[in-house]
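1. Pasting the sequence and the predicted coordinates here, then a few questions.
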Amino acid sequence: MKEQTNYYEWLTGSNTGVSSKTIMMALLGAEYSGHDVPHDWGDFGRCYSMLKQFPELREDLFEVVNVHPYWMPFIDCWIWLESIYEDLLKAMERTDSDGKDAVKLISESLNDQIKTCVNISRYLKGLRYQNAPYHMERKQPINKFV
């Protein structure tokens, strides 16, 4: 029961986001209507922090794909994304100009990697960006045109 209280406290806390709630609710088997993937390093950071706080959830992270298959690109790259994020956290601790330059480079790199995962995720959900070849309206299934 204590763990459930901790989950509830986290869910009602201030360091949450849609993507981190998506992970938690999927792993707890709870209904949650506002699900999504991380879209930048801030979103990813909230997921990272939640999994650090609840390591028992991180052990089953791959199970998120069973509930939300479009999370697969993130789950497949999770350890790598964590590594980049941890490099970013280390760079943020530095106060010199090299540290600021490192933060800029690492955060841009992490955001680029996350955007790649988002694009793959959207494709898996049957969505395409408006500038994609053979553009289709958002939320229009790809297979409708096949």
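-> That came in fine, so what should we check first? No experiment lies behind these values; they were computed from the predicted model shown.
2. just checking, what packs against the strand or helix carrying Cys47?
-> Taking DSSP states H and E as the criterion, the element that holds Cys47 is helix 41-53. Helix 41-53 is packed against helix 2-11, helix 18-28, helix 55-58, helix 78-93, helix 97-124, with contacts defined by 3 or more CB pairs under 8 Å, 6 or more residues apart in numbering; DSSP states H and E. Quick note: C-beta positions are derived from backbone N, CA and C, even for glycine.
3. Could you list the buried residues of it?
-> 41, 43-51 (16 or more other CB atoms under 10 Å).
4. For the residue positioned nearest the centre of the chain, which residues are in contact?
-> Central residue of the chain (CA atoms, centre = their mean): Pro38, 3.2 Å from the mean position. The neighbourhood of Pro38, defined by CB atoms under 8 Å, 6 or more residues apart in numbering, consists of 17, 19, 44, 46-47, 74, 114, 118.
5. just to revisit the earlier point, could you check the angle helix 97-124 makes with the helix holding Cys47?
-> Helix 41-53 and helix 97-124 meet at an angle of 90 degrees, taking axes from the mean of the first three to the mean of the last three CA atoms, to 10 degrees as the criterion.
6. then helix 41-53 to CSV, C-alphas only?
-> Taking C-alpha atoms only, helix 41-53 is exported to CSV below (Å, rounded to 0.1, in the frame of the first residue of the first chain):
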residue,chain,number,x,y,z
TRP,A,41,14.6,16.7,-23.2
GLY,A,42,12.4,18.3,-20.5
ASP,A,43,9.7,15.7,-21.2
PHE,A,44,12.3,13.0,-21.2
GLY,A,45,13.8,14.3,-18.0
ARG,A,46,10.4,13.9,-16.2
CYS,A,47,10.3,10.3,-17.4
TYR,A,48,13.8,9.7,-16.3
SER,A,49,13.2,11.2,-12.8
MET,A,50,10.0,9.2,-12.3
LEU,A,51,11.9,5.9,-13.2
LYS,A,52,14.7,6.9,-10.9
GLN,A,53,12.2,7.4,-8.1
